[in-house]
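Q: With the sequence up front, the predicted model follows.
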Amino acid sequence: MIRQVFFEGIQRLPISGVFYDRKAKNWFYYLAKYEVTIAQYVAVMGEGDEKKGLAHFYAATGDKKQIKKLKKASKKGKLRELAKPLSYVTWRDFQAFIHHYNVWCYANTACLAKLPRLPKNDWKARVDKDRDPPGFFRLPTELEWEYAARGGYTALKKEEEGRPVFEKPLPFPQDQLKKYAWTKPHSRKGATRIGRWQETGGFYDIFGNIQELNSHFFVAEMIQGKVGALSARGGSFRDHARTIRSSFRREVEIYKPKENREGKIEKIIESRSSTTGIRLAIGALVSPSPRFSDEVKAEYDDYEKAVRATTAAGKSNSDALVRGSDDLKEASRTIERLKKRDAELSKELLALKDRATDLPPLVRDSEGLKDAYRTIDTLKTRYTESFREIRILQEALLSADRKIQEGIRQVCSYLTELALFRIKSGGYSYMASRKYQKFLDRNKEKAAVSSAMKRRIRQTQNKLVQAEKLHQEHLSAYVKTLMKLGGYPKAYLDQAVKRLITKSDDKKSLKFIKLMKQHLDQATRGVSKPNLWISEAESLALRVYTVR
């Protein structure tokens, strides 16, 4: 059983390659051109013996129809069946195949020579095949899969209709999907052999045919949220073309309950799916040696300064005001612990002095006890001075803390005002684009008979383009502002929203503030739903503003 979930929000996430290209001076990773086929499974698990490999496949698969086809097929028909993607096996069987593939490749001279390597001491150096460890086959991460599916670096740089191709739902027009993917309404009952359709970005069947498992477990927002079972990408032959997109994600069970006729669970079995398969990637060690680790650390430090600070997580975690406030609070707690500890020591010294005072005069006047008495007085003076210094330090820290708290209040106030401006402006632009589109729909036929109408239509088309651009820019900025605000304490955000409500004198603004407050509450809980936030803002705009 496969359950679809709808966590496909906009996220800006860094991705890195696994291997280094000395000529291009850049990192890259390997992702297979095709999905793993039944033929590959048979060859690897049978160690080159087709009969043995087929026996492994028959034992692993739950697809009785596929077994029947293979057993009855002609020589040519068998080749077609073996060219289908591997599916309907358990997660354990997929992992066993990958393990055996690695073991076989390491033992095979020709295969081992083809595996890429990463220099273990200096990643910029030439590869030494006698010293540097080879890569290994594994499943791609979700980030690796989606980056490739969207078209990679080429799609990031290429623009169509005013935005990068990378940001589009698909790297090609939606109505051209049948040229690239095996999906409904064109697909029949099952998966088809690999490579029948056109490639996109160098990959065949990355959309449709069978959905492809990733190495990550399914997480609600890819990098945060509740962790579930397996994650699959790309959709399958059972999905309709209109649902296919680069961001499409599904959760796939590892185990599932087997129920009786009464609906009660009899036992738990390993899950198999006719719509789920795999596409391999090649991985390598992140840190193959201590020297390499030092170089990676230096590069990470540069990355953290230049890149990570611009991501949503980086901004909220490294914000100077928030971190400064937390540091001051921790310093205050440390001071309190020191004061408590020193106070206890001071009490012990005073008790020692009292005991010395209670001794008989002859004993008390002895030179040794006099020295001890003087030592006690010196220590007491020293502790008194320490207490005075601690009080001064604490007052300075509290003063700085008050300034930082005021800074947080001001930032929250500014950002909430900015978020309100963005959601209202984006909503108004969305309403305007709908108005312009309605005008064009009503009058497109009149352009042929009226030159004045033709000019007006052209002007309206230009206005529509501008309105759509502003709509996207403002609501995208609104989402980013919400994600930024999510890193601040909720109490300050509530105060900022209350100030907005007090300052607002029109009902439209109050409605947008109410919606923004709902989104802020979600953001402060770590919930990120960019698509939903934008959709709700658009719906509210249509209710608040009149479209004629």
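A: Structure's in. What do you need?

Q: Just the CA atoms of the longest strand seen in the chain, as CSV, please.
A: Criterion DSSP state E: the longest strand present in the chain is strand 211-219. Taking C-alpha atoms only, strand 211-219 is exported to CSV below (Å, rounded to 0.1, in the frame of the first residue of the first chain):
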residue,chain,number,x,y,z
GLN,A,211,8.3,5.6,-8.7
GLU,A,212,11.9,5.5,-7.4
LEU,A,213,12.9,5.0,-3.8
ASN,A,214,15.4,7.3,-2.2
SER,A,215,17.9,6.7,0.6
HIS,A,216,16.1,9.0,3.0
PHE,A,217,13.1,8.0,5.1
PHE,A,218,10.0,10.1,4.4
VAL,A,219,10.1,13.3,6.4
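
Q: Pull the distance from it to the chain's centre.
A: Distance of strand 211-219 from the chain centroid (CA atoms, centre = their mean, to the nearest Å) equals 13 Å.

Q: Likewise for stretch 512-522?
A: Averaging C-alpha positions (CA atoms, centre = their mean) puts stretch 512-522 23 Å from its chain's average.

Q: pLDDT below threshold where in the chain?
A: By pLDDT under 70, the low-scoring segments of the chain are 1-12, 123, 161-163, 221-225, 287-397, 399-400, 447, 546-548.

Q: which residues in it form strands?
A: Assigned by DSSP E, the strands in the chain fall at 2-4, 19-21, 26-28, 30-31, 136-138, 159-160, 163-164, 211-219, 227-233, 249-252, 255-259, 265-270, 276-277, 281-283.

Q: what residues are up against G277?
A: Neighbour list for G277: E35, V36, P85, L86, S87, A191, I210, Q211, E212, L213 [criterion: CB atoms under 8 Å, 6 or more residues apart in numbering]. Backbone N, C-alpha and C define where each C-beta goes, glycine included.

Q: Mind checking which of those are buried?
A: E35, V36, P85, L86, S87, A191, I210, Q211, E212, L213 (16 or more other CB atoms under 10 Å).

Q: any idea how far the second one is from L230?
A: Read that as V36. 16 Å (CB to CB, to the nearest Å).

Q: same check, this time on the last one
A: Noted for L213: a distance of 6 Å to L230, by CB to CB.

Q: One more: the first one?
A: E35 sits at a distance of 16 Å from L230 (criterion: CB to CB).

Q: same check, this time on the fifth one
A: When CB to CB is applied, the distance between S87 and L230 equals 13 Å.

Q: which ones are touching R499?
A: R499 touches S413, counting by CB under 8 Å, 6+ apart.

Q: right, and L70 touches G53 too?
A: No - using CB atoms under 8 Å, L70 is not in contact with G53; the gap is 11.2 Å.

Q: got the contact list for A60?
A: The contact partners of A60, taken as CB under 8 Å, 6+ apart, are Y41, V89, T90, D93.

Q: What about those residues, which one has the most neighbours?
A: When neighbours are counted by other CB atoms under 10 Å, Y41 leads the contacts of A60 with 27 neighbours.

Q: Skipping its backbone neighbours, what lies nearest that one in space?
A: Spatially, and ignoring its direct neighbours in sequence, Y41 is nearest to L86 (4.9 Å; CB to CB, 6 or more residues apart in numbering).

Q: what residues are up against the closest residue to W27 other than its chain neighbours?
A: In this structure, W27 finds its nearest non-sequential neighbour in G17, 3.0 Å apart by CB to CB, 6+ apart. Shown in contact with G17 (CB under 8 Å, 6+ apart): N26, W27, F28, Y29.

Q: quick one: G17 from A281, how far?
A: Counting by CB to CB - G17 and A281 are separated by 11 Å.

Q: Burial check on D21, number of neighbours?
A: 10.

Q: is it in a bridge, and if so with what?
A: Beta bridges link D21 to N26, judged by DSSP bridges.

Q: Tell me how far it lies from V544.
A: For D21, the distance to V544 - CB to CB - is 52 Å.

Q: now do I254
A: Taking CB to CB as the measure, I254 falls 47 Å from V544.

Q: quick one, which of those two is more surrounded?
A: Between I254 and V544, V544 has the larger neighbour count (other CB under 10 Å), namely 17 against 13.

Q: Nearest residue to the more buried one in space, please, no chain neighbours.
A: Counting by CB to CB, 6+ apart, V544 lies nearest to K508, which is 5.0 Å off, once chain neighbours are set aside.

Q: so what's that neighbour up against?
A: Contacts for K508 were tallied using CB under 8 Å, 6+ apart; they are K424, V544, Y545.

Q: where's it relative to G426, distance?
A: K508 is 14 Å from G426, by CB to CB.

Q: do the same with C412
A: Distance of C412 to G426, computed by CB to CB: 21 Å.

Q: repeat for K179
A: 35 Å.

Q: So these two - more neighbours on which side?
A: Remark: of K179 and G426, G426 carries more neighbours, 24 against 11, as counted by other CB under 10 Å.

Q: With adjacent residues omitted, what lies nearest to the more buried one?
A: That would be H474: by CB to CB, 6+ apart, it lies 3.3 Å from G426.

Q: so that neighbour touches S425, yeah?
A: Yes - in this structure, H474 is within contact of S425 by CB under 8 Å, at 4.4 Å.

Q: Can you report how many residues neighbour N108?
A: A count of neighbours around N108, defined by other CB under 10 Å, yields 12.

Q: Repeat that for K529.
A: So K529, with other CB under 10 Å, has 21 neighbours.

Q: shift numbering so it begins at 437
A: All set: I'll call the first residue 437, so the last point we hit is now K965.

Q: I figured it hits Q958, correct?
A: Yes - counting by CB under 8 Å, Q958 is a contact partner of K965 at 6.4 Å.

Q: Against K488, how distant is K507?
A: Counting by CB to CB, the gap from K507 to K488 is 15 Å.

Q: What strands line up against the longest strand of the chain, and which way round?
A: strand 663-669 (antiparallel), strand 712-713 (parallel).

Q: Of the ones you listed, which stretch is the most buried?
A: Most buried of the strands paired with strand 647-655, by mean neighbour count (mean count of other CB atoms under 10 Å): strand 712-713, with a mean of 27.

Q: who's in contact with Y494?
A: Residues in contact with Y494 (CB under 8 Å, 6+ apart) are I503.

Q: coming back round to it: is it possible to export the strands of the chain to a markdown table including distance to Y583?
A: Below are the strands of the chain laid out as a markdown table (distance: least, CB to CB, whole Å):
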| stretch | distance to Y583 |
| --- | --- |
| strand 438-440 | 22 |
| strand 455-457 | 15 |
| strand 462-464 | 11 |
| strand 466-467 | 9 |
| strand 572-574 | 16 |
| strand 595-596 | 18 |
| strand 599-600 | 13 |
| strand 647-655 | 12 |
| strand 663-669 | 11 |
| strand 685-688 | 14 |
| strand 691-695 | 30 |
| strand 701-706 | 31 |
| strand 712-713 | 20 |
| strand 717-719 | 11 |
